[in-house]
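[1] Make a model of this:
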Amino acid sequence: MSPNVLALLPEYILVLAGVLIMLAEPCLPAAASRKPLGWIAILGTALAGLASWYQLQFGTLHAFYGTIQVDAFSIFFHLLIAAVVLVTLLGSLDYFEGHATHAGEYFALTLFGATGMMFMTSSVELLMVFVGLEISSISTYIMAGFRKGQATASESSLKYFLLGSFATAFFLYGIALAFGATGSTNIYAIAHGLETTATPHLAFLALAMLIIGLGFKVSAAPFHVWTPDVYQGAPAPVVGLMSTAPKAAAFAVLLRITFSGFPAMQHRWAILMWVLAALSMTVGNLGALLQRDVKRMLAYSSIAHAGYLLVAFTAFPQDGIAAACFYTATYAAMNVGAFAVITQVSGYDETARSQEDFTGLASRRPMLAALLAFFLLSLIGIPFTGGFFGKFYVFSAAVAAGHVWLAVIGLLNSGVACFYYLRLLAAVYAKPTAESAALTSIPARRVSVPAAVGLTLAAIATLVLGILPGNTLWLTQYAGTSTIIESARQHCAPHPDNCHVELQMEQR
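    Predicted coordinates for the structure are as follows:
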């Protein structure tokens, strides 16, 4: 098999499945169910995940003149993105039944968006990262406004598009400045160029602009202003997807850029990450305290969790990369699970939006209430859940690097987060009120078998990451080590005297 084909095998599978869905969708009668197209998307996603796992046996793969690098780091994020997309598709297979004749487009856009996300994580050329970022962004812009008949959906899509385009401009300016300062847009070549550049301040400005562009994608404060409105107006399964998979891809790129592209400036960008992490945690949690709409509350919660994840960037490289990878996995599992529950409770018309609408949910839908409670407890960081171990790993890495006060700020913010999570949890298990009793007259949506499978997978992943994290920890540490080794190897090529660095790391 050609190295170019092998390196992008998961992306090829996703694209082929998406094209097949688009070709098949017009052939179906307008009144026919679009579930078969959803099953094609599910099959394509599963095959893409298996293809990523297959790539592990080949070590590090380089393709397309060194612009694509497939290693343990990128494969970890490929598997994570495939898992998130799979759970989302399972949970939304029946979501559009009887409401939208264009559901086939939703399944195709989901696959195309996943293609862009995977492409981002395996790119070591900033221009290729930009291509993957745009593929992912355009898909999510459209999906955010998928409920065409509602004004909030159009507002959500328009705000996401306008602010996303603005952030993309910052990312492009960062690429241009990086080329001007170092003479290359390749991440490893930028690291070499920093050693001899005559304009280090320009290089740091380039990095700052790249961080701004990616900070929008991960909803880090102060680049978070789009998040609450977009989450509120977008369909619940779309929010579950866009709050996890695109963030995972953006954090993967950010890890490569900072630790592999600008390692010589870590003493400077670590301070910037410190500030962004503290600001995101504080703004996110304080903003969530004021929200009564559940999706807006979880939007501010996602800002806070972006801050927790940014704490890992202040740690030593190997610890920081591994901690960030692990926390990304735990957050993806519990957050996509929470939105999967909201999808099943609210339905396409979103009959349950505010916390009052969830009052007495345990008496009406006990299993869904139990699952929502479990995911909320994990988001808090209660022991024996993935959220607890994820926070513990991130804060421990920060403390080991000497950032004790940042860990203290994170712990204090975790205490603040308990209030709004537990407030929703108390409503779920409270006695039904007169307002919430009206929801009992609405026929409850039956949880289909695929949706139940998706919810079960998310719950199992959240539980396993909390009580048996060993295998995932090994994979994240392996991903972090492979990234550092590859950086050392690339540094070794033009500087043979530095080869002992690579040899020492490989011996470890």
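[2] Skip ahead from the longest helix seen in the chain and say which helix or strand is next.
    Among the segments of the chain that qualify as a helix by DSSP state H, the longest is helix 151-182. With elements assigned by DSSP states H and E, the helix or strand that comes after helix 151-182 is helix 187-196.
[3] Off-centre distance for the next helix or strand along the chain from that next one?
    Next helix or strand after helix 187-196 toward the C-terminus (DSSP H and E): helix 200-217. When C-alpha coordinates are averaged (CA atoms, centre = their mean, to the nearest Å), helix 200-217 and its chain have centres 20 Å apart.
[4] Go through helix 200-217 and flag the buried ones.
    Within helix 200-217, the residues that count as buried by 16 or more other CB atoms under 10 Å are 203-217. The way it works is simple: take the backbone N, C-alpha and C, and place the C-beta from them, glycine included.
[5] do the same with stretch 366-374
    Residues of stretch 366-374 classed as buried by neighbour count (16+ other CB under 10 Å): Leu368, Ala369, Ala370, Leu371, Leu372, Ala373, Phe374.
[6] And that stretch, how far out from the chain middle?
    Put simply, stretch 366-374 sits 23 Å off its chain's centre (CA atoms, centre = their mean).
[7] and whichever strand or helix holds Leu272, what does it pack onto?
    Using DSSP H and E, Leu272 maps to helix 266-289. When contacts are defined as 3 or more CB pairs under 8 Å, 6 or more residues apart in numbering; DSSP states H and E, helix 266-289 packs onto helix 200-217, helix 294-311, helix 404-428.
[8] what do you get if the cut-off is 6 Å, keeping everything else the same?
    Under the contact criterion of 3 or more CB pairs under 6 Å, 6 or more residues apart in numbering; DSSP states H and E, helix 266-289 touches helix 294-311, helix 404-428.
[9] for the longest one, what is the average pLDDT?
    The average pLDDT for helix 404-428 rounds to 95.
[10] Compute the distance between Gly91 and Ala31, please.
    24 Å (CB to CB, to the nearest Å).
[11] Show me which of these two is the more surrounded one.
    Gly91 (31 against 7; other CB atoms under 10 Å).
[12] check contacts around Ile142.
    Leu109 (CB atoms under 6 Å, 6 or more residues apart in numbering).
[13] can you start the count at 59 instead of 1 from here on
    Okay, using 59 as the starting number, the last item reads as Ile200.
[14] That one: helix or strand, and which one exactly?
    helix 184-202.
[15] okay, the buried residues of stretch 424-432 in TSV with pLDDT next?
    Shown next, in TSV, are the buried residues of stretch 424-432 (pLDDT from 0 to 100):
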residue	pLDDT
Leu426	94
Ala427	94
Ala428	95
Leu429	95
Leu430	95
Ala431	96
Phe432	96
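[16] What's the local residue count around Ser132?
    By other CB under 10 Å, neighbour count at Ser132 equals 29.
[17] Would you agree it is in contact with Thr179?
    Yes - under the contact definition of CB atoms under 6 Å, Ser132 touches Thr179, with a separation of 4.6 Å.
[18] ok, back up a step: and which of the buried residues of helix 258-275 is nearest to Ala380?
    Leu272 (19.7 Å; CB to CB).
[19] model confidence over the helix holding Ile200, on average?
    On average, helix 184-202 scores 94.
[20] go on, stretch 108-115?
    The model assigns stretch 108-115 a mean pLDDT of 94.
[21] Please identify the buried residues of that stretch?
    In stretch 108-115, counting by 16+ other CB under 10 Å, buried: Ala109, Ser110, Gln113.
[22] From the contact counts, what lies against the host helix or strand of the first one?
    So that's Ala109. Assigned by DSSP H and E, Ala109 belongs to helix 93-113. On a contact count with 3+ CB pairs under 6 Å, 6+ apart, helix 93-113 meets helix 67-82, helix 130-149, helix 161-179.
[23] Next, the angle from the first one to helix 184-202.
    With axes from the mean of the first three to the mean of the last three CA atoms, to 10 degrees defining the directions, helix 67-82 sits at 40 degrees from helix 184-202.
[24] Only alpha carbons, please: show helix 67-82 as CSV.
    What follows is helix 67-82, C-alpha atoms only, in CSV (Å, rounded to 0.1, in the frame of the first residue of the first chain):
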residue,chain,number,x,y,z
LEU,A,67,-6.6,5.7,5.3
PRO,A,68,-9.1,6.7,8.0
GLU,A,69,-9.8,10.0,6.2
TYR,A,70,-10.2,8.3,2.9
ILE,A,71,-12.8,5.9,4.4
LEU,A,72,-14.8,8.8,6.0
VAL,A,73,-14.8,10.8,2.7
LEU,A,74,-15.9,7.8,0.7
ALA,A,75,-18.7,7.1,3.2
GLY,A,76,-19.8,10.7,3.1
VAL,A,77,-19.8,10.8,-0.7
LEU,A,78,-21.8,7.6,-0.8
ILE,A,79,-24.4,9.1,1.5
MET,A,80,-24.7,12.3,-0.7
LEU,A,81,-25.1,10.2,-3.8
ALA,A,82,-27.7,7.9,-2.2
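[25] contacts for it?
    Helix 67-82 is contacted from outside by 95, 98, 102, 105-106, 109-110, 136, 162, 165-166, 169-170, 172-173, 176-177, using CB under 6 Å, 6+ apart.
[26] Return the set of buried residues in it.
    Leu67, Pro68, Glu69, Tyr70, Ile71, Leu72, Val73, Ala75, Gly76, Leu78, Ile79, Met80.
[27] coming back round to it: determine which of the helices and strands packed on helix 93-113 approaches Asp351 most closely.
    helix 130-149 (20.4 Å).
[28] can you give me the offset of the closest one from its chain's centre?
    That offset, for helix 130-149, works out to 10 Å (CA atoms, centre = their mean).
[29] what's in contact with it?
    68, 99-100, 103, 106-107, 110, 113-114, 172, 175-176, 179-180, 295, 298-299, 302-303, 306, 310, 383, 387, 390, 394, 398, 401, 508-509, 511-512, 515-516, 533, 536-537, 540-541.
[30] And it, what's buried?
    Those would be 130-149, for helix 130-149 by 16+ other CB under 10 Å.
[31] Which secondary structure element is home to Gly448?
    Going by DSSP H and E, Gly448 is in helix 444-458.
[32] That helix - contacts with which helices or strands?
    On the basis of 3+ CB pairs under 6 Å, 6+ apart, helix 444-458 makes packing contacts with helix 352-369, helix 375-404, helix 424-438, helix 462-486, helix 507-525.
[33] who touches that helix?
    By CB under 6 Å, 6+ apart, helix 444-458 touches 366, 369-370, 372-373, 377-378, 381, 384-385, 388, 391-392, 436-437, 439-440, 464-465, 468, 520, 523-524, 527.
[34] can you check stretch 526-534 too?
    Stretch 526-534 is touched from outside by Phe134, Ala380, Cys383, Phe384, Phe447, Leu523, with contacts defined as CB under 6 Å, 6+ apart.
[35] Max pairwise distance over those: which two?
    So, these by CB to CB: farthest apart are Phe134 and Phe447, at 16.7 Å.
[36] any idea whether Ile440 is helix, strand or coil?
    Assigned by DSSP: H, G, I helix; E, B strand; the rest coil, the conformation of Ile440 is coil.
[37] That one: neighbouring residues, count only.
    Counted with other CB under 10 Å, Ile440 comes out at 15.
[38] List the residues that contact the closest residue to Val352 other than its chain neighbours.
    With sequence-adjacent residues excluded and distances taken as CB to CB, 6 or more residues apart in numbering, Val352 is closest to Gln413, at 6.1 Å. Gln413 makes contact with Arg350, Leu482, Ala485, according to CB under 6 Å, 6+ apart.
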